[in-house]
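> this is a predicted model, with the sequence first.
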There are 2 protein chains.
Amino acid sequence: MSSDQPRRGRAARHAPQPADTAPPTPPRKAPITLDRITDAALHVVATEGYDALTVRRITHVLGTGPSSLYAHIVNKDDIDDLIIGRLCSRIVLPEPDPATWRDQTRDVCAQLRDQYLMYPGVSRAALAVIPTNLETLRVNEGLLAILLAGGIRPQTAAWAIDSLSLYVGAYALERSLLAQRQKDPDHEWVLSREELVARFEALPADRFPRIRRHAAELTSGAGHDRFDFALGLIIDNLQPDGS
Amino acid sequence: MSSDQPRRGRAARHAPQPADTAPPTPPRKAPITLDRITDAALHVVATEGYDALTVRRITHVLGTGPSSLYAHIVNKDDIDDLIIGRLCSRIVLPEPDPATWRDQTRDVCAQLRDQYLMYPGVSRAALAVIPTNLETLRVNEGLLAILLAGGIRPQTAAWAIDSLSLYVGAYALERSLLAQRQKDPDHEWVLSREELVARFEALPADRFPRIRRHAAELTSGAGHDRFDFALGLIIDNLQPDGS
DNA sequence: CGTCGCCTAGAACTTAGTTCATGACTACTG
DNA sequence: CAGTAGTCATGAACTAAGTTCTAGGCGACG
């Protein structure tokens, strides 16, 4: 059966030794490659958001039909894998420097955040992707190198990377969901910050006294203030050689 | 048009003054209520996971057809709102105690985590739900009370709650995605911990030296060790009256 | 007793993931 | 040089799910 061809292909992509730079049979005409699929998919996500990422939409960009994709991918999840791999491959990993490991960690996380935000909604895919994707492993290796160079114990470093990855993904997801909703015209119940403050302050005082009083603080955080704050909480608590 | 009835109903549910305990017209026969919809939806998610939560599946549990739901809900997102509201309503909020605010915070987060894990995949909904849902606001009010009682500055408390919520949601999501995949028979490339370690150790040594060496640490974290670790990082860094 | 309004329900429309059978084109082989 | 096999692309079709349309039933109110 030729249908398990992409299935082996996916496994091969996650396999320890990928020789993807030396395809045994060079393409002959203008074949659909994984790279072109990834390009098309990212183009769709960048312009229309992750929700618009359908198989048909991708194939339309490629000028073909839905079935043509399935010779290369297992299913739609596979596309997530490709996309996240591409995004991770763009992350620039610094040479680990024991003196600046905190800033280096922050920088890598910010790179991830910006990649995610460039493609609204992709972080949904990031949270779902298998942890054996080679490119995500590359980023994890880089983060691990930074933290270990900083003197963090391996177990602490491993869990910290996990926490950071989860947080960055969730942050980007929330951000892009919000941004997408604000563009959507038929969601009249989506609120700007001012409306949100007004909403909070109109809450019953007996049940929500603190939310009423601190509505300003709860809705504050322009730019990436909240992101920087959360990363600071996590990173500043990591101590070299600490228990 | 009667079709904007549920739309106003959704807005009303998020409105500051809900009088949901005194319906103006008591139901006459065995009507479909939001409570019954929520019950059915949670039943489906608990037994078959969030992916199986379709409109048809819910109405099948209720013994009716798809269109009957749309007299009560705006769209499927509305069901997320109902579910998350229900889950949040079960959270037991402690009386704020300045002496144990850290443990109280941890406890509320653990309650949220367990609610999410009881319904595999729901945290996807939690990350998407509008921040004006009254029940989620109730939980936030409770957390805010705990942190403020602990002497945390309002701005810090607000952002900390945001970080914690994001992390708890992301953690639960990752956990349930993994659990769901391990049940799925056709995902032969989903790996147990032993297989994952083997996979890591088979990586090329030149590109992934640290992942190879620390495969054990990277894959460790039974129970909620990783959860406790991440929460500890965040909570322990919150200082009463700190800058 | 009639009318109004709300809820229910069945069918249908639309979109999207996925598969099947077919056809074309390349590369090997006698 | 021609035949053959294998790989890849394609269009149509199948299934499932969100959503809407239209009609029907039942209590409340005048």
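Received, thanks. Numbers count the residues shown, from 1 in each chain, chains lettered A, B, ... in the order given.
> ranges for the helices of chain A?
Assigned by DSSP state H, the helices in chain A fall at A:5-14, A:34-48, A:55-62, A:66-69, A:76-89, A:101-118, A:123-128, A:134-149, A:154-183, A:193-201, A:209-213, A:215-219, A:225-236.
> got the domain boundaries for chain A?
A:5-10+A:30-74, A:89-236 (automatic domain parsing).
> of all the ones you listed, which one comes closest to residue B:205?
Closest to residue B:205 of these, according to C-beta to C-beta: domain A:89-236, at 11.4 Å. The C-beta positions use only the backbone N, C-alpha and C, and glycine is treated the same way.
> quick one: pLDDT of the residue lying farthest from the centre of chain A?
Of all residues in chain A, residue A:206 has its C-alpha farthest from the mean position, at 40.1 Å, by C-alpha atoms, centre = their mean. pLDDT, residue A:206: 95.
> hmm, stretch A:33-50 in reach of DNA strand C?
No. For stretch A:33-50, no contact with DNA strand C is found by C-beta under 7 Å from any atom of the strand; the gap never falls below 9.8 Å.
> so does that stretch get close to chain B?
No. Between stretch A:33-50 and chain B, judged by C-beta under 8 Å from any C-beta of the partner chain, nothing touches; the nearest distance is 12.1 Å.
> now do the buried residues in that stretch.
A:34, A:37, A:38, A:39, A:40, A:41, A:42, A:44, A:45, A:49, A:50 (16 or more other C-beta atoms under 10 Å in any protein chain shown).
> alpha carbons of it, as CSV, please.
The C-alpha trace of stretch A:33-50 is given here as CSV (Å, rounded to 0.1, in the frame of the first residue of the first chain):
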residue,chain,number,x,y,z
THR,A,33,7.3,18.7,-0.9
LEU,A,34,7.0,19.0,2.8
ASP,A,35,8.8,22.3,2.6
ARG,A,36,6.2,23.7,0.2
ILE,A,37,3.4,22.4,2.3
THR,A,38,4.9,24.0,5.3
ASP,A,39,5.3,27.3,3.5
ALA,A,40,1.8,27.2,2.3
ALA,A,41,0.4,26.3,5.7
LEU,A,42,2.4,29.1,7.4
HIS,A,43,1.2,31.6,4.8
VAL,A,44,-2.4,30.7,5.5
VAL,A,45,-1.9,30.9,9.3
ALA,A,46,-0.1,34.2,9.0
THR,A,47,-2.8,35.8,6.9
GLU,A,48,-6.0,34.2,8.2
GLY,A,49,-5.1,32.6,11.5
TYR,A,50,-4.8,29.0,12.7
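> so how far is that stretch from its chain's centroid?
Computed by C-alpha atoms, centre = their mean, to the nearest Å, the chain-centroid distance of stretch A:33-50 equals 14 Å.
> and for residue A:218, the neighbour number?
Using other C-beta atoms under 10 Å in any protein chain shown, residue A:218 has 25 other residues around it.
> contacts only, for it.
Counting by C-beta atoms under 8 Å, 6 or more residues apart in numbering or on different chains, residue A:218 touches A:200, A:211, B:140, B:144, B:158.
> surely the last one touches residue A:211?
No. The criterion here is C-beta atoms under 8 Å, and residue B:158 misses it with residue A:211 at 9.5 Å.
> sorry, back to before: which of the helices of chain A comes out lowest on mean pLDDT?
helix A:5-14 (a mean of 62).
> ok and the residue in chain A nearest DNA strand D?
At 2.3 Å from DNA strand D, residue A:67 is the closest residue in chain A, using C-beta to the nearest atom of the strand.
> any idea how far residue A:129 is from residue A:86?
Per C-beta to C-beta, to the nearest Å, residue A:86 is found 12 Å from residue A:129.
> ok, now residue A:239?
From residue A:239 to residue A:129 the distance is 31 Å (C-beta to C-beta).
> okay, the two: which has more neighbours?
In this view residue A:239 and residue A:129 are compared by other C-beta under 10 Å, and residue A:129 has more residues nearby, 21 against 12.
> count of neighbours near the nearest residue to that one once chain neighbours are set aside?
Nearest residue to residue A:129 in three dimensions, chain neighbours excluded: residue A:84, at 4.7 Å (C-beta to C-beta, 6 or more residues apart in numbering or on different chains). Counted with other C-beta under 10 Å, the neighbours of residue A:84 add up to 26.
> what of residue A:183?
Neighbour number of residue A:183 under other C-beta under 10 Å is 10.
> and it, how close does it get to residue A:193?
Separation of residue A:183 from residue A:193 (C-beta to C-beta): 16 Å.
> go on, residue A:235?
In terms of C-beta to C-beta, residue A:235 sits 27 Å off from residue A:193.
> who's more crowded, these two?
A direct count of neighbours by other C-beta under 10 Å for residue A:235 and residue A:193 places residue A:235 higher, at 21 against 13.
> show me the residues around residue A:122 that make contact.
A:45, A:50, A:83, A:84, A:87, A:115, A:116, A:172, A:176.
> what's the closest of those to residue B:134?
Nearest to residue B:134 among the contacts of residue A:122, with distances taken as C-beta to C-beta, is residue A:176, at 24.9 Å.
> how many neighbouring residues does the residue nearest to residue A:152 when sequence neighbours are not counted have?
Nearest residue to residue A:152, sequence neighbours excluded (C-beta to C-beta, 6+ apart): residue A:238, at 5.5 Å. Residue A:238 is flanked by 23 other residues according to other C-beta under 10 Å.
> my read is that residue A:238 contacts residue A:153, right?
No. When contacts are counted by C-beta under 8 Å, residue A:238 is not listed as touching residue A:153 (9.4 Å).
> list residues touching both of the two?
By C-beta under 8 Å, 6+ apart, no residue touches both residue A:238 and residue A:153.
> look up how far residue B:129 lies from the residue nearest to residue A:52 when sequence neighbours are not counted.
Leaving aside its sequence neighbours, residue A:52 sits nearest to residue A:44 (C-beta to C-beta, 6+ apart; 6.0 Å). In this view, residue A:44 and residue B:129 are 26 Å apart by C-beta to C-beta.
> enumerate every residue touching residue A:98.
Neighbouring residues of residue A:98 by C-beta under 8 Å, 6+ apart: A:149, A:150, A:151.
> quick one: neighbours of the first one, just the number.
Put plainly, it is residue A:149. Number of residues near residue A:149 (other C-beta under 10 Å) recorded here: 19.
> check contacts around it.
Contact analysis of residue A:149 by C-beta under 8 Å, 6+ apart lists A:96, A:97, A:98, A:101.
> give me the buried entries from these.
A:96, A:101.
> out of the contacts of residue A:149, which comes closest to residue A:55?
Minimum distance to residue A:55 across the contacts of residue A:149 is 40.7 Å, recorded for residue A:96 (C-beta to C-beta).
> isn't the closest one right up against residue A:105?
No. Applying C-beta under 8 Å, one finds residue A:96 not in contact with residue A:105, separated by 10.1 Å.
> identify the contacts common to those two.
Joint contacts of residue A:96 and residue A:105 (C-beta under 8 Å, 6+ apart) are A:146, A:150.
> quick one on the thing from earlier: ok, the residue nearest to residue A:129 - contacts?
Here residue A:84 is in contact with A:122, A:125, A:126, A:129, A:133, A:135, A:136 (C-beta under 8 Å, 6+ apart).
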